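Peer 1: missing the sequence, but the structure's below:
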């Protein structure tokens, strides 16, 4: 089984800044990590490889050249191959453009099972994984908490509000992982040392131009328009009512709601 894991390098901080010209994140000079949900997906892929003979795990990351750090971390965890999708024409891509680029990449390298994180902590859209599946025309299951492989399909446990969905899905397919799916293993000294010298395959627009339309990538290919960015304002301190009977408390609350024109 050829397992592909799509990961994203994200800022390791809540103190992010926005470029006022493009309304995109400024990533220069900010510590970065593998997105937590994506790292759980990497671990789940490695565990599946241990259960299914002949399987391989390839990790794919779209980003600037420094995203190579995330790929080397994944290699040091035990992934077999790494692919960096990078190029100036891809800069400023929103979720639709990103999923278009990644789906073209996956068509090029091939796949049986695709894993992504549920969502990235710098965007929280949870859109890229499902969009990749739509571009590729394959089944998808989101919020996956457990994976059990079968001969030509897999059974997944999907987290759903107050219950679980148990779903059998045929390969090829795409799954989006939550952090509870797998606890990422620690990197070993041998793994880190080996990863530093491993070759990372690089793909840019020219490598995908027979599949991609230049108008569908980067800022030009991104229909999402950020009108304004701002810091969430802190809420005012609430009022605490003490020493009241239940009836008095109800009267006081109702009076306050009337005062604020809420009822």
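Peer 2: Perfect, I can see it now. Keep in mind that this is a model prediction, so the values were computed, not measured.
Peer 1: mind checking how far the helix or strand where residue 105 lies is from the chain centre?
Peer 2: Following DSSP states H and E, one finds residue 105 within helix 95-109. Centroid displacement of helix 95-109 relative to its chain, using CA atoms, centre = their mean, to the nearest Å, is 14 Å.
Peer 1: again, but for stretch 109-126
Peer 2: Distance, centroid of stretch 109-126 to centroid of chain: 4 Å (CA atoms, centre = their mean).
Peer 1: Start at 16, not 1
Peer 2: Yep, numbering from 16; the last one is stretch 124-141 now.
Peer 1: Could I get the average pLDDT for it?
Peer 2: Average pLDDT, stretch 124-141: 90.
Peer 1: can you check stretch 251-260 too?
Peer 2: For stretch 251-260, the mean confidence score works out to 83.
Peer 1: who touches whichever helix or strand residue 84 is part of?
Peer 2: According to DSSP H and E, residue 84 maps onto helix 83-92. Applying CB atoms under 8 Å, 6 or more residues apart in numbering, the contact partners of helix 83-92 are 20, 22-24, 47-49, 57-58, 61, 74, 76, 78, 97-99, 199-200, 202-203, 206-207, 209-211, 213, 215. For glycine as for every other residue, the C-beta is placed from the backbone atoms N, C-alpha and C.
Peer 1: The longest strand along the chain packs against which elements?
Peer 2: In the chain, taking DSSP state E as the definition, the longest strand is strand 155-164. When contacts are defined as 3 or more CB pairs under 8 Å, 6 or more residues apart in numbering; DSSP states H and E, strand 155-164 sits against helix 51-66, helix 143-151, strand 168-175, strand 178-185, strand 188-192.
Peer 1: Thanks a lot, catch you later.
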